[in-house]
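In: Provided below are the primary sequence and the corresponding predicted coordinates.
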Amino acid sequence: LSAKNNTSVLDKLFLHKEEIKTLVLGRVISTVFEEQKDDYAKLSCDFEICSLKKKKSSIRLKEKIRLFVFIKKNFFKPKLLKYADFVFLNLKLLKPNPPTNPGMFDYKTHLYHQGIHWVGKVYGIENFRVLVRDNFNLVSFLDEIRFFLTTKVAKLYEKKDAQILNSFFLGQKGELPVEQAEVFFKLGCYHIFNICGLHLSSILIFLNFLLSYIGFTREKIALLLLFFMPCYVFVSGASIAILKTSIVLFLSLLFILFNKFKNTLSFLNISFIVSLLLNPYNIFEKSFQLSFLITFAMVLVLPKLLSKKDYGFIKGLVITSLVAQVVSFPLLVSYFHRFSFLAFFLSLLFTPIVIFVILPCFYFSLLFSFLEPFAKIFSFLCSAALKFVIFWLNKLALLPFASITVPTPLPLWLLLYIFAVFYLYISILKNKKIEKVFASLMLFFLIFLAFVKPLNEGTTITFLDVGQGDCIVVETLHNKVLLIDGGGGD
């Protein structure tokens, strides 16, 4: 049904055309993200075309596109575009390009999964005009809160610190420097900072403690948190990971409010179904798969593993990180073709710092922003902890073994890995030492095999698109690699 409804009106109007220049009327239907470069600013959002000019006639239609507006920096000012703005545009419509190299990110399919078939580009402030602005809606109000918070962050923190904090904690993904994002990706520690269920749960636990200390009853606390959580989810960027956790926690709070029995696994199942009902194509998204796979493993496995013995905080954290690494390993190597053995240790070392120091100090600095001396104390502590973490991550990323390239795993390897994980889990539950040792050895052997590149069946020649032409990669039978680059015209 989703595939049947996921069609484009523009494709029918402009058959076999890859580029269209036209005038359109439409409405902004998402939060507008602003990204400032050296000499220009880029605005990006989802846009619904309501009317389009074709030749001398105006055609009414309904088409969702991804819109980019490029403005020279001296003409840029914040909030030129806002959610629900009704806008006139002189734009260029383009079909998204499919990937031109093996393993390249498929932007066209990514947009298709969101019901988007065309990309619109507007160059210059003179090519768009806001006709009607609706300031009285919830999304605009929450956008204003986010804008207010980002301006406070810019005043309290140094530029680089502000970029990282805004990116992870306030959903401003475009602000994260590219080189820093590469470090996080290389070390496999993006999740340490990225707002997820762990961060949201930590905030709700703190608020629960604070409100209980003030004297609020359990039911009143649940009611207040029910109102707070959706606002926080939106302001922080509403990623799949945090949406999943917010649905689970929202249901938990509802059941607390009505004094009913709560079951985390049932709530997680409901969260899974709701996420797919909102957009069935989420099932193909890497973040969706990783988030739910790890969470299901935590909910199903951890209670049984940790209930057998009286584990302390450190041992519990080690087991939690180990379970997350083991269940996510096949997806990570299949999608990203690289793996860092440092990720496990970095999670153990730096996750507590982010959860117990950086995150609370960041929010306290914003909470007390009207009292500058208090805000400065918290921002200093937050910056010091952040600089400490970033310093060591940048140093570790320079190590030659920080990240290891992994070939695409075979289907047989994936089946054996799943079997080994289940076998190990069952042997731990039954507490059979010989089976535990055998299953562990099998799992370690399969992890080792994942890094071994199989011999080529013959010499392979691959042409790669490098932007200004092609280059050729030749791989021989014995995995020798030859790169042929034609170079420039001279």
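Out: Received, thanks.
In: can you point me to the longest helix in the protein?
Out: helix 372-397 (DSSP state H).
In: Next, the buried residues of it.
Out: Buried residues in helix 372-397, defined by neighbour count with 16 or more other C-beta atoms under 10 Å: 375, 378-379, 381-383, 385-386, 389-390, 393, 396-397. Using the backbone N, CA and C atoms, a C-beta is placed for each residue, glycine as well.
In: what's the closest of these to residue 460?
Out: residue 397 (30.6 Å; C-beta to C-beta).
In: Contacts only, for the closest one.
Out: 183, 186, 187, 403 (C-beta atoms under 8 Å, 6 or more residues apart in numbering).
In: The last one contacts residue 338, correct?
Out: Yes - in terms of C-beta atoms under 8 Å, residue 403 counts as a neighbour of residue 338; the distance is 5.1 Å.
In: can you list residues touching both of those two?
Out: residue 186.
In: Settle it for me: which of the two has more neighbours?
Out: Taking other C-beta atoms under 10 Å, residue 403 and residue 338 do not tie; residue 403 has more neighbours (19 against 15).
In: That one: what's it in contact with?
Out: By C-beta under 8 Å, 6+ apart, the contact set of residue 403 is 186, 187, 188, 338, 339, 340, 397.
In: again, but for residue 47
Out: Here residue 47 is in contact with 26, 27, 28, 29, 64, 65, 66, 67, 87, 89, 120 (C-beta under 8 Å, 6+ apart).
In: where does the stretch 201-350 of the chain dip in pLDDT?
Out: 201-202, 234-245, 249, 252-253, 255-262, 306-313 (pLDDT under 70).
In: quick one: the strands in it?
Out: In the stretch 201-350 of the chain, the strands defined using DSSP state E, counting those that start in this stretch lie at 338-339.
In: pLDDT below threshold where in the stretch 51-200 of the chain?
Out: If you take pLDDT under 70 as the line, the stretch 51-200 of the chain has these spans: 171, 173-174, 194-200.
In: got the residue ranges for the helices in it?
Out: Per DSSP state H, counting those that start in this stretch, the stretch 51-200 of the chain carries helices over the ranges 107-112, 138-156, 159-169, 178-187, 190-193, 197-214.
In: a markdown table for these, including distance to residue 297 and mean neighbour count?
Out: Formatted as a markdown table, those follow (distance: least, C-beta to C-beta, whole Å; neighbours: other C-beta atoms under 10 Å):
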| stretch | distance to residue 297 | mean neighbour count |
| --- | --- | --- |
| helix 107-112 | 26 | 16 |
| helix 138-156 | 33 | 16 |
| helix 159-169 | 24 | 20 |
| helix 178-187 | 22 | 15 |
| helix 190-193 | 14 | 20 |
| helix 197-214 | 13 | 15 |
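In: To residue 37, which of these lies closest?
Out: Of the helices of the stretch 51-200 of the chain, nearest to residue 37 by C-beta to C-beta is helix 178-187, at 11.4 Å.
In: any idea of the angle the closest one forms with helix 159-169?
Out: Here helix 178-187 points in a direction 50 degrees away from that of helix 159-169 (axes from the mean of the first three to the mean of the last three C-alpha atoms, to 10 degrees).
In: Can you give the contact residues for helix 178-187?
Out: Here helix 178-187 has contacts from 164, 190, 192-193, 336, 338, 340, 342-343, 346, 390, 393-394, 396-397, 402-403, using C-beta under 8 Å, 6+ apart.
In: 10 Å instead, please
Out: Residues from elsewhere that reach helix 178-187 (C-beta atoms under 10 Å, 6 or more residues apart in numbering): 160, 163-164, 167-168, 173, 176-177, 189-194, 336, 338, 340, 342-343, 346, 390, 393-399, 402-403.
In: Can you pull out the low-pLDDT segments for the stretch 351-490 of the chain?
Out: Applying pLDDT under 70 to the stretch 351-490 of the chain flags residues 455-456, 486-490.
In: which strands and helices sit next to the helix or strand containing residue 419?
Out: Residue 419 belongs to helix 411-430 when elements are defined using DSSP states H and E. Counting contacts by 3 or more C-beta pairs under 10 Å, 6 or more residues apart in numbering; DSSP states H and E, helix 411-430 packs against helix 286-306, helix 313-336, helix 433-450.
In: quick one: residue 46 and residue 396, what's the gap?
Out: 37 Å (C-beta to C-beta, to the nearest Å).
In: Need the three-state assignment for residue 464.
Out: strand (DSSP: H, G, I helix; E, B strand; the rest coil).
In: Any idea what it is bridged to?
Out: Note on residue 464: beta-bridge partners by DSSP bridges are residue 471.
In: Cool, thanks, talk later.
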